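Asker: Got a predicted structure plus its sequence, pasted below:
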Amino acid sequence: MRHYDCVVIGTGPAGQKAALQVSKLGKRVAIVERSNVVGGAQINTGTIPSKAMREAVLHLTGANQRGLFGQSYRVKRNITLSDLIIVAQQVMRHEWDSIRDTFDRHGIDLIWGQACFEGPNLLQIQRPQDSELITADKFIITTGTKPARPANVPFNDTNCLCSDAFLKLTELPKSVIVVGGGVIGTEYACIMATLGIRVILVEGRNQVLGFLDGEITEAFQYQMRQGGITLRLGEKVERITELPPEKRIGVNIEAVLESGKILQAEMLLYCVGRQGTTKTLGLDNVGLEIDDRERLKVNEQYQTAVPHVYAAGDVIGFPALASTAMEQGRMAACHAFGVPVTSMSHLFPYGIYALPEISMVGKTEQQLTEEGIPYEAGVARFADVARGQLLGDSTGMLKLLIHQESKQILGVHIMGTSATELIHLGQAVMSFGGTAEYFIQNVFNYPTLTEAYKMAAVNGMNKLQHT
């Protein structure tokens, strides 16, 4: 029976970084994966394939060049799903190889099979043809989540599907209903609309991406509508029905809203909520309980109620980002073996790879107002930045929220080209308590989108000085 200092369960972003950190501490570590490929949802069903598909769509449709070459500009006329999947598969294969290589170089044992606790320190690994028992002093659970599939939704992976099944389609639909205006729903809605697919997005709240700054959300919703997406906001789906063959004239699925509206399309994509994947882990045998969404509760050190068992990533809930999962995995591994580590900064950025791209860090205007913090907003439009003109981005914007007294940056909100890259400068300045003067007093390459920081800072300071 093999014994390890630590066993990590799940090879997603949290698991990868946890195992790597344990190995760097000179400990014997194994990582268990129940699927037939490494990487979890990050590589196989979520982050990488959807973003690869987005980049392929942007290139093949020419959507990101139309500001320069006109609205009729297009690289390829007839885009097929295989055009998009090929790009995603190339990136996925590269990531699989990279992860396997990292495990090999750092002496991390990769064990294939379903992990199940048989006791506090005993793990059974079940495979189709055999099983084995391994023991460890510490465990880190990083099994992630999967799309929620409520029983009242007639999933069939053909015309009524979740985001995982969407990547397995054989051809693109002509029309689609997207249920859910969160990150996944809005990203796929934008991708499909850019391809010329008729998209209806239904969201129970009065706005999509409710955690964003209100001004950014309003601007984004305008761009979604301009892109041909029909938004049904403040609407909830009462029932979803697959239409009988005799009624399928260009449509296959029907969604009836609580308001009585009837929506029909060729396909329905359900993107409301995600569910943990911990039921098969035998957590009762180690004394752990899960919530109604199969998530684990942890403390600030990512310890569960059982001190030698840790958890990180989506399986512990908010913020459920690949980026934060990596840091959580690393921190859990450090604490498990007594290595001092500070708590992860609250200044983690959000990135939404919709069309246009969105990113934010820090507080929103709504939050600052509710907390009674005096602020001013400085705004820069990409249309006023030379690089924005060169890129043909006339709709992008960058907003800084500036404390009225200290001039510290309280929040950065960006919509437009490279938003998820640009955000990190604002994040760095905020982490060091920087003020708007930093952007005004420093020199940035010309022409770059980064100049928008200087322009927004000047705009905000002018308002504070009434000039």
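Answerer: Everything's here; your move.
Asker: At which residues are the strands of the stretch 1-150 of the chain located?
Answerer: 2-9, 29-33, 109-112, 114-119, 122-126, 131-141, 145-147 (DSSP state E, counting those that start in this stretch).
Asker: avg pLDDT for stretch 101-118?
Answerer: Stretch 101-118 carries an average pLDDT of 97.
Asker: Check which residues of it are buried.
Answerer: F103, I108, D109, I111, G113, Q114, A115, C116, F117 (16 or more other Cβ atoms under 10 Å). Using the backbone N, CA and C atoms, a C-beta is placed for each residue, glycine as well.
Asker: Quick one: the residues you listed as JSON lines, columns for distance to E289 too.
Answerer: Output for the buried residues of stretch 101-118, formatted as JSON lines (distance: Cβ to Cβ, whole Å):
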{"residue": "F103", "distance to E289": "31"}
{"residue": "I108", "distance to E289": "29"}
{"residue": "D109", "distance to E289": "29"}
{"residue": "I111", "distance to E289": "26"}
{"residue": "G113", "distance to E289": "24"}
{"residue": "Q114", "distance to E289": "20"}
{"residue": "A115", "distance to E289": "18"}
{"residue": "C116", "distance to E289": "16"}
{"residue": "F117", "distance to E289": "13"}
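Asker: and which of the residues you listed is nearest R232?
Answerer: Among the buried residues of stretch 101-118, Q114 lies closest to R232 (Cβ to Cβ), at 40.4 Å.
Asker: That closest one reaches I125, doesn't it?
Answerer: Yes. The criterion here is Cβ atoms under 8 Å, and Q114 meets it with I125 at 7.0 Å.
Asker: top helix in this structure by residue count?
Answerer: helix 81-105 (DSSP state H).
Asker: remind me which residues of this structure are low pLDDT?
Answerer: By pLDDT under 70, the low-scoring segments of the chain are 65-76, 344-345, 467.
Asker: how's it carved up into domains?
Answerer: 2-147+275-336, 160-272, 356-464 (automatic domain parsing).
Asker: any chance of the ones you listed in TSV, plus distance to L347?
Answerer: Shown next, in TSV, are those (distance: least, Cβ to Cβ, whole Å):
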stretch	distance to L347
domain 2-147+275-336	11
domain 160-272	15
domain 356-464	5
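Asker: Nearest to Y350, out of those?
Answerer: Using Cβ to Cβ, the nearest of the domains of the chain to Y350 is domain 356-464, at 5.2 Å.
Asker: Ends of that closest one, what's the gap?
Answerer: Using Cα to Cα, to the nearest Å, the end-to-end distance of domain 356-464 comes out at 30 Å.
Asker: Tell me who's in contact with the residue nearest to A386 when sequence neighbours are not counted.
Answerer: Computed as Cβ to Cβ, 6 or more residues apart in numbering, the closest residue to A386 that is not its neighbour in sequence is P447, at 3.7 Å. Counting by Cβ atoms under 8 Å, 6 or more residues apart in numbering, P447 makes contact with V385, A386, R387, L390.
Asker: Could you take those residues and lay them out as JSON lines, with extra columns for secondary structure and neighbour count?
Answerer: Formatted as JSON lines, the contacts of P447 follow (DSSP: H, G, I helix; E, B strand; the rest coil; neighbours: other Cβ atoms under 10 Å):
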{"residue": "V385", "secondary structure": "coil", "neighbour count": "24"}
{"residue": "A386", "secondary structure": "helix", "neighbour count": "13"}
{"residue": "R387", "secondary structure": "helix", "neighbour count": "18"}
{"residue": "L390", "secondary structure": "helix", "neighbour count": "13"}
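Asker: and which of those residues is nearest G434?
Answerer: Checking the contacts of P447 one by one against G434 (Cβ to Cβ), the nearest turns out to be V385, at 20.8 Å.
Asker: Against I440, how distant is that closest one?
Answerer: 15 Å (Cβ to Cβ, to the nearest Å).
Asker: now swap in F166 and tell me
Answerer: 45 Å.
Asker: of the two, who's got more company?
Answerer: F166 (23 against 15; other Cβ atoms under 10 Å).
Asker: what's the nearest residue to the more buried one if we skip its chain neighbours?
Answerer: Take F166 and drop its neighbours on the chain: the residue closest to it by Cβ to Cβ, 6+ apart is L269, 5.9 Å away.
Asker: Pretty sure the one you found sits against G181.
Answerer: No. Contact criterion Cβ under 8 Å: L269 and G181 do not qualify, at 12.0 Å.
Asker: May I have the residues that are in contact with the closest residue in space to Y350 that isn't next to it in sequence?
Answerer: Excluding the flanking residues, the one nearest Y350 by Cβ to Cβ, 6+ apart is M360, at 5.2 Å. Contacts of M360 were listed using Cβ under 8 Å, 6+ apart, and they are L212, D213, I216, P349, Y350, G411, V412, H413, I414, I423.
Asker: wait, what's in contact with the second one?
Answerer: Read it as D213. The contact partners of D213, by Cβ under 8 Å, 6+ apart, come to M360, T364, E365, Q366, K399, G411, H413.
Asker: how much space is there between it and A189?
Answerer: Using Cβ to Cβ, we find D213 at a distance of 20 Å from A189.
Asker: How about the first one?
Answerer: Between L212 and A189 the distance is 15 Å, computed by Cβ to Cβ.
Asker: that older thread, tell me which of the contacts of M360 fall in helices.
Answerer: Residues of those located in helices (DSSP H): I216, I423.
Asker: did I read that right, Y222 in a helix?
Answerer: Yes. Inclusion of Y222 in a helix is indicated when DSSP: H, G, I helix; E, B strand; the rest coil is applied.
Asker: For burial, what's the neighbour tally of P120?
Answerer: 13.
Asker: Does it touch L288 like I think?
Answerer: No. If you go by Cβ under 8 Å, P120 and L288 don't touch, sitting 10.1 Å apart.
Asker: What's the separation between the closest residue to G234 other than its chain neighbours and E235?
Answerer: Sequence neighbours aside, N206 is the residue nearest to G234 in space, at 4.7 Å (criterion: Cβ to Cβ, 6+ apart). N206 sits at a distance of 10 Å from E235 (criterion: Cβ to Cβ).
Asker: out of those two, which sits in the more crowded spot?
Answerer: Taking neighbours as other Cβ under 10 Å, N206 and E235 compare with E235 leading, 20 against 11.
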